[in-house]
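# Sharing a model that was predicted from the sequence below.
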Amino acid sequence: MARLVDIWDSIGIMEEQRIERMQTVKKYIEEDLTVLQLEKNLRCHLEALQKEKTERLRELNDLRQQDEELCVTLCATPYYIPSGSMPSRTQLQELQEHIKKLSEEKESRVKVFSGLRKDIRRLMDEMGHEPETSLERESVCPDTDIFLLTHENIQALKLLLSQLEVKKESLVSARDKLKDRAISLWNRLSCPEEEAKEFEQEALTTLSDDIRRWQCVVDHLEVLQRAKLEEVIDKARQELVVWWNKCMFGPEQKEPFNAYFCDDNYTEELLNLHDSELLKVKEFYKVARPLLENLEKWEKNWALFQDFERKAADPNRFSNRGGALLKESKDRAKVQKLLPKLEEELKARVDTWETEQGCTFLMKGQSVMEYISRQWEEYRSQKDKEKNERMSKKADSTLFKTPSKRPHGPGSSGMTPNKIKKVVQTNSSLCF
């Protein structure tokens, strides 16, 4: 029995199980088994326990090996079982659960790592970017085991990916600016059609190559431009007027550039000033585009409203109109309903823009709501003027058509016959 107790201790039999096994042995004895039979039974039981011990130790060794590999890869803490002790079934089960969780975590991290490495490699290929840092080199290395799947490494790759995305945006912006510059120069210089093939070529393999190509085109066109400064500056001014109008600039906004706009001393410096002003105006349009598009929409509907009002005031509008008059009436009502909504939306957008930009948004030299209010005032003033003119004409027409009463009796005239005769004679002499 003492030997059995020692074995039970060595394989980690819990107290409850030990008591149960002791009861079993006691039962064998109470059943009055022969010593030989009892020994045989105990030996069988001992062999079973030794076998279980061997299996548990082998299972523990296998599980520990898996646990250690996963913990090294994930930089995690291994499941603790005291060295030299016999693990219980509960401990082995908990170790299996621990390994299962680590395996799932590894699978999840591998998926994240693979996605990040794939995106990093794609961005580098698109940009033509060669790895510079050790992290960049390791991130595109075919050997996937070079990276430990730690949270720190994942964060490092995410940061690298975001940096590459910013760099790509910068390269795309630089490429697009060079392309816009080349197209602008090409239009200014009125280059032959055969030279337009540069603009029809597809983008090269990488952004870096594409930027070099467009830089060469711009350099070539700028050399040609220097030989045609006067013509080029005049075209830059025409382009500037177009952009001023698109941005709805008023005289006050154009005034700071007027001196350069009217300068007839055509130099490269003057051209550079025009190019800088163009860039500034284009940048303003880019920032304010949603608001400017709303203003254009309001102006379009305002013009429609005024047109409908003119047609409504036309006395001949009912002549031979058919169904057009009904459609016109519906469209007019629609525009009248839309204008207040557009104005309310504009006010909100302008307030937001002015808060974000820290300055007043001007439309043709006035604040937007001031400009709109003035348009309404002018409209009402014009309506009042037209109304007064109609009333004046109506009064004149009524006065002209009122019949005069004929005098009754020969003595009712204010003039004597002799006076009438004199007046007629006088008029006759004036005709001659």
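Received, thanks.
# Please make it C-alpha for all contacts and neighbour counts, starting now.
Fine.
# any low-confidence regions in this protein?
1-16, 18-19, 21, 25-39, 84, 143-147, 193-204, 313-324, 396-432 (pLDDT under 70).
# State the number of residues packed around Pro192.
Using other C-alpha atoms under 10 Å, Pro192 is surrounded by 9 other residues.
# Walk me through the domains of the protein.
2-87, 114-169 (automatic domain parsing).
# what's the helix or strand hosting Glu296 packed up against?
Secondary structure assignment for Glu296, by DSSP states H and E: helix 268-313. Where contact means 3 or more C-alpha pairs under 8 Å, 6 or more residues apart in numbering; DSSP states H and E, helix 268-313 is packed against helix 229-246, helix 258-261, helix 324-357.
# which strands and helices sit next to the last one?
In this case it means helix 324-357. Checking 3+ C-alpha pairs under 8 Å, 6+ apart, helix 324-357 ends up next to helix 268-313, helix 368-401.
# 7 Å instead?
In terms of contacts (3 or more C-alpha pairs under 7 Å, 6 or more residues apart in numbering; DSSP states H and E), helix 324-357 is packed against helix 268-313.
# I'd like the domains of the chain laid out as CSV, including distance to Asp384 and mean neighbour count.
CSV is the format used below for these (distance: least, C-alpha to C-alpha, whole Å; neighbours: other C-alpha atoms under 10 Å):
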stretch, distance to Asp384, mean neighbour count
domain 2-87, 83, 14
domain 114-169, 57, 15
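# Specify the stretch among those domains that is closest to Ser367.
The minimum distance between Ser367 and the domains of the chain falls on domain 114-169, with 34.6 Å, by C-alpha to C-alpha.
# what about that closest one, how long is it end to end?
23 Å (C-alpha to C-alpha, to the nearest Å).
# now do stretch 72-86
First-to-last residue span, stretch 72-86, C-alpha to C-alpha: 24 Å.
# Then stretch 79-97?
Terminal residues of stretch 79-97 lie 10 Å apart, using C-alpha to C-alpha.
# Now do the strands in the stretch 51-200 of the chain.
With DSSP state E, counting those that start in this stretch, there are no strands along the stretch 51-200 of the chain.
# ok, Leu160 - contacts?
Neighbour list for Leu160: empty [criterion: C-alpha atoms under 7 Å, 6 or more residues apart in numbering].
# follow-up on the earlier one: okay, the helices and strands packed on helix 268-313, which one's buried deepest?
Neighbour counts (mean count of other C-alpha atoms under 10 Å) averaged over each of these peak at helix 229-246, with a mean of 17.
# Tell me which other helices or strands the next helix or strand after that one touches.
Once the chain leaves helix 229-246, the next helix or strand it forms, by DSSP H and E, is helix 251-254. Secondary-structure packing of helix 251-254 (3+ C-alpha pairs under 7 Å, 6+ apart): no helix or strand packs against it.
# let's go with 10 Å and repeat that
Packing partners of helix 251-254 (3 or more C-alpha pairs under 10 Å, 6 or more residues apart in numbering; DSSP states H and E): helix 229-246, strand 362-363.
# What is the burial count for Lys282?
Count around Lys282 with other C-alpha under 10 Å applied: 18.
# Helix 229-246 and the helix holding Glu296, what's the angle between them?
Following axes from the mean of the first three to the mean of the last three C-alpha atoms, to 10 degrees, one obtains 40 degrees for the angle between helix 268-313 and helix 229-246.
# how far out from the middle of the chain is stretch 178-185?
25 Å (C-alpha atoms, centre = their mean, to the nearest Å).
# what does stretch 360-370 give?
The answer for stretch 360-370 is 26 Å, by C-alpha atoms, centre = their mean.
# As CSV, could you dump the C-alpha coordinates of that stretch?
Below are the C-alpha coordinates for stretch 360-370, written out as CSV (Å, rounded to 0.1, in the frame of the first residue of the first chain):
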residue,chain,number,x,y,z
THR,A,360,-14.7,85.8,-44.7
PHE,A,361,-15.8,84.1,-47.9
LEU,A,362,-16.4,86.8,-50.6
MET,A,363,-18.5,86.5,-53.6
LYS,A,364,-17.8,89.1,-56.2
GLY,A,365,-16.4,91.3,-53.5
GLN,A,366,-19.2,90.9,-51.0
SER,A,367,-20.1,88.4,-48.3
VAL,A,368,-22.4,85.7,-49.7
MET,A,369,-25.5,86.5,-47.7
GLU,A,370,-25.0,90.3,-48.4
